[in-house]
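Asker: Below is the structure, and that's it, no one-letter string:
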């Protein structure tokens, strides 16, 4: 399993009049989380796109327990629990500065060829950088 | 069962550099869809809030099949399949102008007392306006 | 002079914890306003892009007088006061349902060739559809 | 004069189908920039709000020269050129990683009493933390 932690601070624009982070905002937070997770593996999403690979999201699920508040420095723990094939799944858990679990979520993304827009396998470089984390299974 | 249709047009701001509507944008589209569904029942979310009821989202799930594109007039079909208790669930299906199903989703919201922030039952007026659609149930 | 009116309803996502529409949100509202103004002239921005013309914004100015509130049906009055050359300017005034002026703004956009990304003149079809409004002009 | 630098990375959600950061997105970037500028002075906007001071934006102007691109680490230079009275003005300049100036902007905000929603003077603590930067005038 591969795990990565990202921190990000809640912007005023991201709150709503309930005084909470808007429920739809987390999709963007998780985008940041998975992009930084990939970057820590030496693999930027931008470079993936430049090499002709798109990764649209095919599934997104989130369960909200507590709201995040303005200016909080959130911690998002991102996990990849399985080596990617034509799809890759990221699991997320969001914590506020007190360490309270705010929500749990996952996204599934599919690898597309940018030109043909057809499904393709995960890039070899990505698989190679993930392989050490899945060595003797479990 | 209660069903309602809403139309909305994709804004440039809502696209991303893949040329698709950003995957996180649909949370806002579904907010519009359920608010208009409630309005058609004579019940505005704004009036609910003014009367001291908050409705934060507790669960959101979406499966993406095809992307929506800039300037498309989308149709969102919203369904309430069960009378609300302390929670209410909305199911959504999004269609593009060609009638292609783009995604299916649901949100679950909980009724909160705005002052105590405690869980409470759905407002009586909302239940009464929904009741005719659940007459001889199941 | 050409003038057009658009209505749009404030979404919950667009409010902030002050209980107002977030100040940055109006850029998107004015995008809707100018796109609908162009559509009323028989000219969709999508068709412009498809024909190889991009229109990035080069200037944006807004003065805020009063905030817009959740669920309000806003009216935006859009004006084009001059025939476009390589640039086009849209002036906006936003009103709430009571008819109170909330803000005044303008955007200036430049016409770009999508392939070369070079500045070009406004498309002939756009100029022709605007001409009747500037007949004995000044 | 007081000056502060902030860095932030462009999110995919913030791009549009032109492949640029959406023109309305900068309002949020400048919110981050001024909040971090205030934080560096020992003054968080969140604490200001908690103490009963709101700071809605009354004016926003921006001139765009070049677009920001996905995943770029932008640098925003924020300046306060005058001690605040009942209003405070922030000037901004955004640079891409190559050091190219992308845009210049300013926002003017007014200090409001949160309860009465009336205009009030800048909090004494904010003025005191800014004073050293305006010692011998000019």
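Answerer: Thanks, I have it. What you see is a predicted model; the values in this text were computed from it and never measured.

Asker: hey, let's count contacts and neighbours off CA atoms from now on
Answerer: OK.

Asker: Verify the contact between residue A:106 and residue A:91 for me.
Answerer: Yes. Proximity of residue A:106 to residue A:91 meets the contact threshold set by CA atoms under 8 Å, at 4.3 Å.

Asker: Check which residues of the lengthiest helix in chain A are buried.
Answerer: Ranked by number of residues, the top helix in chain A under DSSP state H is helix A:26-40. Of all the residues in helix A:26-40, those buried under the rule 16 or more other CA atoms under 10 Å in any protein chain shown are A:26-38.

Asker: what residues are up against the closest residue to residue A:101 other than its chain neighbours?
Answerer: Nearest non-adjacent residue to residue A:101, counting by CA to CA, 6 or more residues apart in numbering or on different chains: residue A:95, 4.5 Å away. Taking CA atoms under 8 Å, 6 or more residues apart in numbering or on different chains, we find residue A:95 in contact with A:74, A:75, A:76, A:101, A:102, A:103.

Asker: hang on, isn't the third one packed against residue A:94?
Answerer: Right, the one you point to is residue A:76. Yes. Counting by CA under 8 Å, residue A:94 is a contact partner of residue A:76 at 4.5 Å.

Asker: before we move on, the earlier item: backbone dihedrals for the residue nearest to residue A:101, please?
Answerer: phi -120, psi 140 (degrees, to the nearest 10).

Asker: Next one: it from residue A:76, what distance?
Answerer: Separation of residue A:95 from residue A:76 (CA to CA, to the nearest Å): 6 Å.

Asker: Same question for residue A:5.
Answerer: Where residue A:76 is concerned, residue A:5 sits at a distance of 6 Å (CA to CA).

Asker: what's the answer for residue A:2, then?
Answerer: 14 Å.

Asker: Same drill for those two, tell me which one is more crowded.
Answerer: residue A:76 (26 against 17; other CA atoms under 10 Å in any protein chain shown).

Asker: The more buried one is in what secondary structure piece?
Answerer: According to DSSP states H and E, residue A:76 maps onto strand A:73-80.

Asker: Okay, now the sheet partners of that strand, with direction.
Answerer: strand A:2-9 (antiparallel), strand A:87-95 (antiparallel) (DSSP bridges).

Asker: Pick the most buried one from these.
Answerer: strand A:87-95 (a mean of 21; mean count of other CA atoms under 10 Å in any protein chain shown).

Asker: just the angle between it and helix A:26-40, please?
Answerer: Strand A:87-95 and helix A:26-40 are oriented at 110 degrees to each other (axes from the mean of the first three to the mean of the last three CA atoms, to 10 degrees).

Asker: pLDDT below threshold where in chain A?
Answerer: A:136-138 (pLDDT under 70).

Asker: Tell me what the spatially closest residue to residue A:54 that is not a sequence neighbour is bridged to.
Answerer: Distance criterion CA to CA, 6+ apart; nearest residue to residue A:54, sequence neighbours excluded, is residue A:112 at 5.0 Å. Following DSSP bridges, residue A:112 is listed with bridge partners residue A:54, residue A:119.

Asker: residues contacting residue A:112?
Answerer: A:53, A:54, A:55, A:56, A:118, A:119, A:120.

Asker: Buried among the residues you listed? Make that a ChimeraX selection.
Answerer: Buried members of the contacts of residue A:112, defined by 16+ other CA under 10 Å, are picked up in ChimeraX with:
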select /A:53,54,55,56,119,120
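
Asker: Relative to residue B:63, which of the contacts of residue A:112 is nearest.
Answerer: The nearest member of the contacts of residue A:112 to residue B:63, counting by CA to CA, is residue A:56 at 11.6 Å.

Asker: re earlier: in JSON lines, list the contacts of residue A:112 along with distance to residue D:64.
Answerer: Converted to JSON lines, the contacts of residue A:112 look like this (distance: CA to CA, whole Å):
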{"residue": "A:53", "distance to residue D:64": "30"}
{"residue": "A:54", "distance to residue D:64": "29"}
{"residue": "A:55", "distance to residue D:64": "30"}
{"residue": "A:56", "distance to residue D:64": "30"}
{"residue": "A:118", "distance to residue D:64": "36"}
{"residue": "A:119", "distance to residue D:64": "38"}
{"residue": "A:120", "distance to residue D:64": "38"}
